[in-house]
Structures are given as structure tokens and as C-alpha cells.
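S.K.: give me the fold of what follows.
(chains A and B)
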Amino acid sequence: MKKLMILLFLALTTMAYSQTIEEAIQTTLRQFNPGDRTATMAAVNRFDLIAKKWNTDWVSHYYAAYAKTLAGATETDMAKKAQFFNEAEKSLEAAKENGADENDEVYALLAMISSNRIELEPEAWQKHMESYNANLRKAKQLRKENPRIYYIEGMSKFYTPEAYGGGKAAALIYFEKANEYFKTETNTDIRKPTWGKKQNEEMLKKCSE
Amino acid sequence: MRLLISFLLFIIASLDCVSQSTITGKITDQQGNSLPGASIYILNTLDGVSANAEGTYTLVTSEKGNQVVVVSSIGYEPINQSIVLENKTYTLNFKLKEAISELEEVVISAGTIEATNDRKVAVLRPLDIVTTAGAAGDIIGAIQTLPGTTRVGEQTGLFVRGGDASEANVIIDGMIVQNFFTSDVPGIAQRSRFSPFQFKGTSFSSGGYSVRYGQALSSVLELSTNDMPAKSTVNVGLNMSGLFGSVAKVFEKNSLEVTGSYINVAPFYNLANTNFDFYKAPEGVSGSTRWVHKNGDKSIFKLLFSHGGFSSGTEIPDINNASQRFRFGIKNSNTYSNASYFENINNKVYSFSAVSFGRNVDNINFGATPSKTEEWRLQGRTELGFEINNNLQLLSGAEWQRFSVQRSFDAFNSGFDETQTAIYTELEWKPSRKFGVKSGLRGEHSDLLSQFALSPRLSAAYKVGKQSQVSIASGVFYQNPNNRYLLANKSASFQQAIHYIANYQWITDKQTFRVEGYYKSYDRLVRELNVPFNPNAFRFISGDIDNSGNGFAQGIDVFWRDRKLVKNLDYWISYSWVDTQRLFENFTARATPTFISDHNLNVIAKYFIEPLKVNIAATYTFATGRPYYNPNSAEFLNDRVPHFENISLNISYVTTIKKVFAVFYAGVDNVTNRKNIFGYRYSTDGTQRFPIEPALYRSVFVGMNFSLSAFNRDEL
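M.R.: Prediction:
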């Protein structure tokens, strides 16, 4: 009886107070739905809190950046869009400073932000293109099996006009390549991000139409 | 045991529900609009929620005692509010203030129009310059459509706000370019030697420029070369005046570019009706190589070397005998190199250093008389920028230049060597996001004139609205006497100009309105003593000179650009009015110089036909008639030629063939074939006059460009 009570006590207090970073991130990721603005903002805010609490763990900053990038991509107000990307880049900077300086996922996400910025400020494409290429190169160097690299490349091709070497056909080969690598990913460790699989499948469909 | 159980139950119960506080309320902006998605949390905890679509929230927390509630929303200043939580329900409404973004920060900009990609909102982008119709892909052609400039069709150079071409300096990566333009052929305005695609930024100052530069009474055109190319590419171009090719290879932190070109203007001149007879069409070969090393945002090193030459033969109106023509042959060789290094030493300090060397040799046949001009310039600059604190920035630097001009005309030799040194410092103070002041001091010394001068400069800007600001600028500027006098071994001291500029600017990402008024006073201008007026720019200087000249220039420049009105249409209108008079050189009275048009208007429009992938551009230029010298007129320089008018059209088509990105373009200059006249030249006895005509009336230009981005096999 005594033992049981103590266990019960421990279980309850743990629930209330000692949620781990893994659980906190997993829970937030499960509730994250990029299609729903309110849910997206809730996730952005939640990941920010997680990043404040576990601020010496790169992965907290990584997910904060991830949520802000998607929030920026789906935002319609141009000025706010840029602010989301600025904030996302700041989070990735914090991730780098806390042990992810040589993490391919950080560079892949940075490339994704640059590619979004090209769309946002087409006049400054040269500058953003340079950083897009440099980040992708770095990500590939670190781990070329990262499927998000090819998903991001595919997206960039998809939204480039055909006159400038983009289009569906050009994008398809990248999505196919990404798909191969997505198949090998398992969703068990938050330190090994797995996002992008579903989106990639949708893009594959769009390109094959 | 029972006691223990009830104790535990009490704890559990209290954890679970009893000891909780609820904070609820609404989050809005200053105007009362709800802010969905705003974040509300208790500082240093995981207790936080987001505002719903109506901007309301309910935050339940088990925290107690003194806590801080933080409210934030992207684009707004966060609020921190202290609260004492005592297991109750609290209602807290918040009104957030909009954060001032980089967009809204004041930019000290009087006197300067920038075309840049580095700033979010800019008056122009580099690409806008390249695609301006009538500019023929020449950077100066495009600058000449901006307010404050006058297009002077028969003379080479940049004429800004009452200043002549020698009063404007062109700078590349911090270094003065002595021979920016192709060597002069009398009566024909020349293009710049540099391709506009080389530059990522163009900053055109029509007055009141920074202490970094001197030796220009009116204007500085500052060009910054590209950083690393985005991709490895092979590029080939072909047009009516030649062919060119370039290869760029990008390594991880380095890039190497090599270019080569062959120019032969014969096909172009054959198709157009030239007013001058080219017995030898301009023909030339040139090449360049560039290496860039970039270490992230920390540092960048650029090294450029280019060499080229051309020759041409033109029958031009005889300078000494207005009714006759004579043969002007030129063989040119030009070398230019520039190395620059920029480093962010830490987040408070940066350094910039550059060296450059340029050499230009012109072998000229002036009719039957051989002439040779040999010039070179070696220069260096080093500067440091410090961020003293958040609103105080200090820039200090030093500049050294040595240059030489040697000329022979038949058996007559002349020349000079000059060494100029300058030190400068500038303090930028931005006490708030709305207000900024830059004040600087430049000390410069000339060995040739044995003279030292101090130039103070000041500029300030105040943000009057979210998108609008007013700014002012003023400064003192010095310049050596024109090379013409130094070559004749005549000595005088620095000439001086003082600028006063006031500017209002309203700018959004799609529209820009800018109006600028200025007054300039010229003092200590060089005058030739006791000589009659002679319009010949190549006249022999025999008499004495002094610094007794003076003058003024005042005017208003207006610029309006709109990309909002019609989708895919971008147009801008620039208008300048200038009122200027001078007593200088061999003027016999204070008068408006011959390179001035009182009113200048440029209308530029570009339209992209999306389904066809075709770009159409048009430029309309109007300028009131310029003064000309009529020896029979009682009043000096009182006659005016008819007004100048020109319409140019450009069309370009972009496509991708396999992996090759292709651009096809065609342009027509002076569509209406209008016979513009730049002035008149009189026979020695003054009885006959001959119009000064442009080299071409209507002309057609076509070309194409192909580029292939290296497709890396490892990419897939």
C-alpha cells in the first residue's frame, strides 16, 4: 500500500511537473497542423516556450525554427512572413550554438528559408540563391541521405517558372529521390526529424498529374 | 497510515485543481483589432497558451506568488507584466504596440539614389538598370535617366546638377576608376568599359556625398561588384557589336570567373545611318579574371584583373575649321585591377581595405598629327568601422592615390604627377529609430598643389511617417583644377563647392515618391585670364589662370515610381529642373554652360507579358534646348538649340531550351528618327554655322545570350 501510494504520488507529480523535452516536443508535434492557422500559431508559441525552458538543447531551437518556417510559408502578410523567417533563422542560430553546428537538418532548414525568401523578395534572388546553394551543399556534405534536402530542392524547382529551368518535370526527379530516403526513416527519436514525408507524397502526386 | 493517505490525497488534490490560477482576457493592437495567435505565458515556465481567432485567451497555471506574464505576437513589441498569483481568476487585456522593423528605420539618404539588392526597400534594383530601354545595357545610360542628370549626347561622362563631366567620379569597390569610360572620340559620347552585370549595387549621389570620397565637385557614382556567383555557369552572348563569353566556377568558399569579348561595331554602324563616317569601325578584344573568397558572413576577398584594347577611325568635324572634317584614329590599351577585403572582425568592428591599379594608353592620329596620352593611377584605402553602442557608429579611414597623366602632341610634350592623401572620420548617431545624424570630416592633401583642405560633411534624416522621411545634407567639396590646366603646367589651387540639399521621400515596396531641392555654390573655380571665349575643348592653354571663378546651381528633382497600378507594369518618371550659372574657364561673363538643359524629363516603363514570357520596355526623354555659343550674339551663351526628344523601345524574351537559359533581345533607339541637335559650331569668321549632331539617329540593336548552369552529377 505504501509503495503504491508513493508510486501514485510520483506518477502524478511527474505528469504535472517533470515532462521531458522529448515528450513536450512529441506532444506539440502531434497537435501541429500546418493547414490550420490557429494550430500553427499554437505550435509556434509552444515550441518557443520549450526552447526557452530547454535552451541549451539544440533540438528545442530546431523545432521552434521549423514551426516558424512553416508559419512564415503559410502567412499571407508579406511583412510578417519576413519576420517569421527572421525569427526562424535566429532559432537555428541558437541551435547551432547549442551543439548542432554540424547537423545536416539545420542546414536543410536554412536552405528552405532561403528558398522561401526568393519567392518573397524576387529582386534579391541572387543573394538568397547564394545562401540557398551554400546551405544545401553543407547539408549534403554532412548527410546526403537526408530526404528533406531533395524535398526542398524539388519544391524550389516546382515553383521556378519553366522559362528559368523549373517546372513539374524538373521537380519530379527530386521528389522521387526524396521518397526513396523517406522510406528508410522511422519516427522514434525527436533528434532525428522526420517531417516532410506526407508533403513529399502530395508533391509527387501533383507532379505526376 | 490513514494520515499519510489523506496527506497524499491532499497533495494530489491541491496539485490537480485547488491551487490553480486562471488568467483570461483579450489581446489587441493599439487600434483594438484582435491578434489571433498571440502568445501568452508565464515567464520561465511551460505554462502558456495562444490567443484564439477572436484574440481571447484563457491561461490556467499552478504557479503561485510573484510571476511575470509575457505577451508577444510577431511584428509587435512584447509586453512583460508582473502579477501576484493567488489561486484566483484574473482578467488581463493587452494592447500591443507594433514593432518598428528594419523597414521603418530611418535611412540617411539625402542626395543619394541606390539600386541595391541588400536592402528590403530600395528605389531601384540592379536589374532595373540593365533593363532600361535606351541605356543600351550601359550603366551610365541608365543613370542618365535618373533625376539630377542631363544627357549630353556629344560628350562622354556624367553631368550632374550643373556640374560638367570632370566633376563626377566613378568608384568601384571604394576605388576611383580613372578611365571608367571608353577613350573619348570628340563629338561622340562613349560607353563605360564595365558591364552592368558585374555590379550588385549602384549608389548614385547627386550631391552631399560621404567623407569617404573627395575630388568631385558635383557627384559620386559608387558601384559595388558582385559577391560570389550563385552557381557555376557558362555564358555566351552575341549581338550586333560583338561576342562575349564567360565561365564561372563556384567552389565551396571560392569562385573563379573568366570573361572574354570581341567587339566589332561594324554590323551595328552599317545598319544604322551614322552621321559620322567610320573609316574604321571600333574593334577590340578584352578579357578579365576575378577571384572571390568568401568566408560566410565573416569576410570576403575580391580580386579583379582586366585588360583590353580597341582601335577605331572616325571622320569627325574639324575642331579648327568648322566646315571641314578630318580623320581621328585611336588605338587604346587599358588595364584595370582591384583587390578588396572586407572583414567583420567581431559583431562590433569591421574593416575594409582595397588597392587598385589602372593604366590607359591612347595612341591618336589627330588628322595628320600623332598624339599619345598615357595615364596610370595607383591607390589604396583602409578603413575601420566601430559600433560604439546601439546608436553610435564610427567610421575612420585613410586614402592614398598616386597618378600620372603624360601627353604628347606631335613634338610637344606635357604631363604631371600627383599624389593625394586623405584621412576621414564620420560619426553616425541614431538616438531613435526615427532620427539619425551623420557628421564627418575629411582632410585631403595634394602634393602637386601643395595644399591641404578640410571638408566637413553633415547629413540627417527624420522619419515623419511609417513610409516617409525628410532628410538634409550639406558639405564642402574640393577638386583639383581640370587636367587640361595641369597638363599645361599652369598652377592654381583647389576649386570648391558647397552643397545644401533637402529631401522628402515616401517609399513602400511597390511605390516611391521622392522630391529633392538643392542649392550649390561654386567658389575658387579656375579661370583663364585675358583670353577670348573659344568653344574648342582641345584649345591650347597659353595664358595665366587663377581661382577667381565662381557660380551657383539650384534646382528641384522629382522621382515617382509605381509598380502597383497595373500588374506586371513598372514605370517611373523623373524630372529635374536646374538653374545654374558660372564664370569659369574661358567664359567672358557669368552664364549657363552649354551642357545644361533647364528642364529634363524621363519616363521609363517596363511591362512583362506573362504568358509570352516577353518583356517590353520603353523610355521617353525630353530636355529643353541647351545654350550654344554664337559669336554674332551680343549676349554671351544666350542662344538655345531646339529641345531634345527621344523614344527608345526594348523587347526581350526569356526561355529555357533543354538546360540552357536563353535571352533574346532587340532594341530601337530614337524610334521617330528625330533630328536632335546638340549645338552649333561656327566658322572662324562667324558667317557660317554647322549643327552638332549625334553620331546616330534611329538605330536598331539585336542580340542574344545563352547561359548554362553547370549541372552537377552528384546533385542526384
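
S.K.: which stretches of chain B form helices?
M.R.: With helices called from DSSP state H, chain B shows them at B:2-13, B:126-130, B:139-143, B:266-271, B:483-487.

S.K.: ok, now chain A?
M.R.: A:2-17, A:21-31, A:37-53, A:58-74, A:78-95, A:104-120, A:125-142, A:147-158, A:168-183, A:197-208.

S.K.: related to what we said a few turns ago, least reliable of the helices of chain B by average pLDDT, please.
M.R.: Among the helices of chain B, helix B:2-13 carries the lowest mean pLDDT, a mean of 56.

S.K.: before we move on, back to that, could you dump the helices of chain A to CSV with mean neighbour count, distance to B:Ser414 and mean pLDDT?
M.R.: Any C-beta I mention is one placed from the backbone N, CA and C, and that applies to glycine too. Shown next, in CSV, are the helices of chain A (neighbours: other Cβ atoms under 10 Å in any protein chain shown; distance: least, Cβ to Cβ, whole Å; pLDDT from 0 to 100):
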stretch, mean neighbour count, distance to B:Ser414, mean pLDDT
helix A:2-17, 12, 90, 49
helix A:21-31, 15, 79, 88
helix A:37-53, 22, 72, 90
helix A:58-74, 25, 65, 94
helix A:78-95, 20, 58, 91
helix A:104-120, 23, 55, 93
helix A:125-142, 19, 46, 88
helix A:147-158, 24, 60, 93
helix A:168-183, 18, 63, 93
helix A:197-208, 15, 71, 91
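
S.K.: and of those helices, who's closest to chain B?
M.R.: Closest of these to chain B is helix A:37-53, at 3.0 Å (criterion: Cβ to the nearest Cβ).

S.K.: how about JSON lines for the helices of chain A, with distance to chain B added?
M.R.: JSON lines is the format used below for the helices of chain A (distance: least, Cβ to the nearest Cβ, whole Å):
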{"stretch": "helix A:2-17", "distance to chain B": "5"}
{"stretch": "helix A:21-31", "distance to chain B": "7"}
{"stretch": "helix A:37-53", "distance to chain B": "3"}
{"stretch": "helix A:58-74", "distance to chain B": "8"}
{"stretch": "helix A:78-95", "distance to chain B": "5"}
{"stretch": "helix A:104-120", "distance to chain B": "10"}
{"stretch": "helix A:125-142", "distance to chain B": "4"}
{"stretch": "helix A:147-158", "distance to chain B": "8"}
{"stretch": "helix A:168-183", "distance to chain B": "6"}
{"stretch": "helix A:197-208", "distance to chain B": "15"}
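
S.K.: so which residues on the stretch 501-650 of chain B come close to chain A?
M.R.: Selection of the stretch 501-650 of chain B residues close to chain A by Cβ under 8 Å from any Cβ of the partner chain yields B:509, B:613.

S.K.: just the closest residue of the stretch 501-650 of chain B to chain A, please.
M.R.: B:Lys613 (4.9 Å).

S.K.: dump the residue contacts of that residue.
M.R.: With contacts defined as Cβ atoms under 8 Å, 6 or more residues apart in numbering or on different chains, B:Lys613 is in contact with A:161, A:163, B:653-655.

S.K.: same thing but 6 Å
M.R.: Counting by Cβ atoms under 6 Å, 6 or more residues apart in numbering or on different chains, B:Lys613 makes contact with A:163, B:654.

S.K.: may I have the phi/psi pair for it?
M.R.: phi 60, psi 40 (degrees, to the nearest 10).

S.K.: where's it relative to B:Gly137, distance?
M.R.: According to Cβ to Cβ, to the nearest Å, B:Lys613 and B:Gly137 sit 20 Å apart.

S.K.: what of B:Tyr209?
M.R.: 26 Å.

S.K.: neighbour count: those two, which is higher?
M.R.: B:Tyr209 (27 against 20; other Cβ atoms under 10 Å in any protein chain shown).

S.K.: distance check, the more buried one against chain A.
M.R.: Between B:Tyr209 and chain A the distance is 25 Å, computed by Cβ to the nearest Cβ, to the nearest Å.

S.K.: and the pLDDT for that residue?
M.R.: pLDDT recorded at B:Tyr209 is 92.

S.K.: ok, now which ones touch it?
M.R.: Applying Cβ under 6 Å, 6+ apart, the residues near B:Tyr209 are B:Val220.

S.K.: ditto for B:Leu449
M.R.: B:Ser493.

S.K.: what's in contact with stretch B:619-635?
M.R.: In this structure, residues lying in contact with stretch B:619-635 by Cβ under 6 Å, 6+ apart are B:133-134, B:535, B:592, B:594, B:597-604, B:637, B:639-648, B:679-680, B:682, B:686.

S.K.: err, stretch A:32-42, not the other one
M.R.: For stretch A:32-42, contacts defined as Cβ under 6 Å, 6+ apart pick out A:43, A:70-71, B:37, B:50.

S.K.: can you rerun that using 10 Å?
M.R.: Stretch A:32-42 has contacts (Cβ atoms under 10 Å, 6 or more residues apart in numbering or on different chains) with A:28, A:31, A:43-44, A:46-47, A:63, A:66-68, A:70-71, A:73-76, A:195, A:199, B:35-39, B:48-53, B:73-74.

S.K.: so how far is it off the chain centroid?
M.R.: In terms of Cα atoms, centre = their mean, to the nearest Å, the centre of stretch A:32-42 is found 14 Å from the chain centre.

S.K.: how about stretch A:73-82?
M.R.: The answer for stretch A:73-82 is 17 Å, by Cα atoms, centre = their mean.

S.K.: likewise stretch B:248-255?
M.R.: Remark: stretch B:248-255 is offset 27 Å from the chain centroid, using Cα atoms, centre = their mean.

S.K.: in the stretch 201-350 of chain B, what residue is nearest chain A?
M.R.: Proximity of the stretch 201-350 of chain B to chain A (Cβ to the nearest Cβ) peaks at B:Ala230, 4.1 Å away.

S.K.: sorry, back to before: of the contacts of stretch B:619-635, buried ones?
M.R.: B:133-134, B:535, B:592, B:594, B:597-598, B:600-604, B:637, B:639, B:641, B:644, B:646-648, B:679-680, B:682 (16 or more other Cβ atoms under 10 Å in any protein chain shown).
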